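Participant: Fold the following, please.
(one chain, ligands or ions: 1)
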Amino acid sequence: MNKNQPIWRRARYGLHGLGIAAREEASFRAELWALSGTVVVLIWVHASLMWWGMALLLMAMLMAAELLNTALESLADLVSPEFHPLVARAKDCGAAAVFVLSSAGVILLLLLLWQHFHSSSG
Ligand SMILES: Nc1ncnc2c1ncn2[C@@H]1O[C@H](COP(=O)(O)OP(=O)(O)OP(=O)(O)O)[C@@H](O)[C@H]1O
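Facilitator: Next up, the predicted model:
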């Protein structure tokens, strides 16, 4: 196994992983749509640089959590294709990480919209 490979090769592996997730994971595709929708909302409300930073950081964290969850699920399925309570625990915790970040994303979007309508009505 080759360790310490050059950065361009690791970037290529990363892009390959992104391609796999985009092709094979419906939830990752849904997050890409959510990212596009978020960008449209940010443009529509003329969001400040701070809102852009927070929203894009949160979306990147959500997609990274989804990718790690996919990696965990693949390894769990390889190690234990049969039912095992520890696999259930690992997969449920991976799903919980994605859930926490999705909820934070929804709350952030609601706050942004609230601020937009609140300041335009005042
Ligand atoms: N081998 C297993 N042993 C125990 N429980 C499992 C096992 N496989 C799946 N589960 C349970 O089923 C849930 C869903 O698992 P699954 O692998 O279908 O993931 P998923 O969230 O539907 O992801 P995806 O649709 O992206 O594959 C897990 O969170 C876990 O509770």
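Participant: Can you give the distance of the top helix by length along the chain from its chain's centre?
Facilitator: As far as residue count goes, and with DSSP state H defining each element, the longest helix of the chain is helix 85-121. How far helix 85-121 lies from its chain's middle: 10 Å, per CA atoms, centre = their mean, to the nearest Å.
Participant: Also stretch 62-79?
Facilitator: Relative to its parent chain, stretch 62-79 has a centroid offset of 12 Å by CA atoms, centre = their mean.
Participant: is any part of that stretch close to the ligand?
Facilitator: Yes: part of stretch 62-79 sits close enough to the ligand to count as contact by CB under 6 Å from any ligand atom, namely Glu73. No exception for glycine: its C-beta is placed from N, CA and C like everyone else's.
Participant: which parts of that stretch are buried?
Facilitator: Using 16 or more other CB atoms under 10 Å as the test for burial, stretch 62-79 gives Leu62, Met63, Ala65, Glu66, Leu67, Asn69, Thr70, Leu72, Glu73, Ala76.
Participant: isn't the second one right next to Arg29, touching?
Facilitator: No: with contact defined as CB atoms under 8 Å, Met63 and Arg29 do not form a contacting pair (10.8 Å).
Participant: tell me which parts of this structure are close to the ligand?
Facilitator: If contacts are counted using CB under 6 Å from any ligand atom, the residues of the chain sitting beside the ligand are Glu25, Ser27, Glu73, Ser80, Phe83, His84, Val87, Ala88, Lys91, Asp92, Ala95.
Participant: just the buried members of those residues?
Facilitator: Applying the neighbour count, that is 16+ other CB under 10 Å, the buried entries in the residues of the chain next to the ligand are Glu25, Glu73, Val87, Ala95.
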